[in-house]
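Visitor: pasting a predicted model and its sequence here:
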Amino acid sequence: MSGWNYHVTHFVTSAPDIRHLPADTGIEVAFAGRSNAGKSSALNTLTNQKGLARTSKTPGRTQLINLFQVAEGYRLVDLPGYGYAQVPEEMKLKWQRALAEYLRDRNCLKGLVVLMDIRHPLKDLDRQMVMWAVQSGIEVLILLTKADKLASGARKAQLNLVREEAKTFLGTVDVEAFSSLKRIGVDKLSQKLDSWYRDIPPATEEDEATAGE
């Protein structure tokens, strides 16, 4: 049973970069992944709200950092997708800068959910994302999305393979299968979010001031 009611999560703001985000306090858990990994669908499924995070047939639609509030001081963050192909290079670089800046400089970021298609996990950009988080002392949950696309046996085998590989990151990296369509792994996702919100001290205004020095 989840300790938080994710169904009351609501949209707060969209920002092109961290300078347009609210104060760097509280706890944020960010969702990152390739543009076709199913980020928006996972957020919508978690919160039981079909339209909370936009979904699109065109990968790369999430061009902004989108913040959602679970409770006062506790937020979910939908980061721009990476690995998109059919967008202008200038726009791609702009999104990548915003993404890197958020991951590097946002003190209240306490956990990172990295979403990957279970059929094509741990591509180069995925590895870079997980490695960055581990090196920064941030816990990671790898969510293997679209798990309904594989039969039960194949799904379990793929999950075990990725779990073995996750050990090589030498950090706190958990791996779970997930399907928005079949609601596989929704409880595991909410339990991990609960633990991050409950067990990790929130960033304070003093932390924000120190970071700005």
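Guide: In hand now; what should we look at? Just so it is clear, the structure is predicted and the values come from calculations on it, not from any experiment.
Visitor: who touches stretch 40-54?
Guide: With contact meaning C-beta atoms under 8 Å, 6 or more residues apart in numbering, stretch 40-54 is reached by 6-7, 9-11, 31, 39, 55-56, 61-62, 66, 68, 76, 78, 113, 115, 143, 145, 178, 180, 183, 186, 189-190, 193. For glycine as for every other residue, the C-beta is placed from the backbone atoms N, C-alpha and C.
Visitor: give me the PyMOL select line for the residues you listed, limited to the buried ones.
Guide: Here is the PyMOL command that picks out the buried ones among the contacts of stretch 40-54, judged by 16 or more other C-beta atoms under 10 Å:
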select buried, resi 6+9+31+39+55+61+62+66+68+76+78+113+115+143+145+178+180+186+189+190+193
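Visitor: ranges for the helices of this protein?
Guide: Remark: helices assigned in the chain by DSSP state H are 39-47, 89-105, 124-135, 152-166, 186-199, 205-211.
Visitor: can you tell which of those is closest to D17?
Guide: Ranking the helices of the chain by their distance to D17 (criterion: C-beta to C-beta) puts helix 89-105 first, at 4.8 Å.
Visitor: enumerate the positions of that closest one that are buried.
Guide: Using 16+ other C-beta under 10 Å as the test for burial, helix 89-105 gives K92, K94, W95, A98, L99, Y102, L103.
Visitor: give me the pLDDT value at T55.
Guide: As predicted, T55 sits at a pLDDT of 56.
Visitor: again with F68
Guide: F68 carries a pLDDT value of 95.
Visitor: beta partners for the nearest residue to it once chain neighbours are set aside?
Guide: Across the structure, with C-beta to C-beta, 6 or more residues apart in numbering as the measure, the residue nearest F68 apart from its sequence neighbours is L76 (4.5 Å). The bridge-partner assignment for L76, based on DSSP bridges, gives V29, F68.
Visitor: which ones are touching L76?
Guide: T9, E28, V29, A30, F31, L43, L46, L67, F68, V70, L193.
Visitor: how near is it to D124?
Guide: 26 Å (C-beta to C-beta, to the nearest Å).
Visitor: mind checking the longest strand of this structure?
Guide: Assignment by DSSP state E gives strand 109-117 as the longest strand of the chain.
Visitor: what angle do that one and helix 39-47 make?
Guide: Between strand 109-117 and helix 39-47, the angle formed by their directions is 120 degrees, by axes from the mean of the first three to the mean of the last three C-alpha atoms, to 10 degrees.
Visitor: mind giving me the packing neighbours of strand 109-117?
Guide: Counting by 3 or more C-beta pairs under 8 Å, 6 or more residues apart in numbering; DSSP states H and E, the packing neighbours recorded for strand 109-117 are strand 27-33, helix 39-47, helix 89-105, helix 124-135, strand 139-145, helix 186-199.
Visitor: what sits up against the fourth one?
Guide: With contacts defined as C-beta under 8 Å, 6+ apart, helix 124-135 is touched by 32-34, 82-83, 103, 112, 114, 116, 139-140, 142, 166, 169-173.
Visitor: contacts only, for the nearest residue to T172 once chain neighbours are set aside.
Guide: Nearest in space to T172, with sequence neighbours left out and distances taken as C-beta to C-beta, 6+ apart, is E139 at 4.3 Å. Neighbour list for E139: K110, G111, L112, A133, G171, T172, V173, D174, W196 [criterion: C-beta under 8 Å, 6+ apart].
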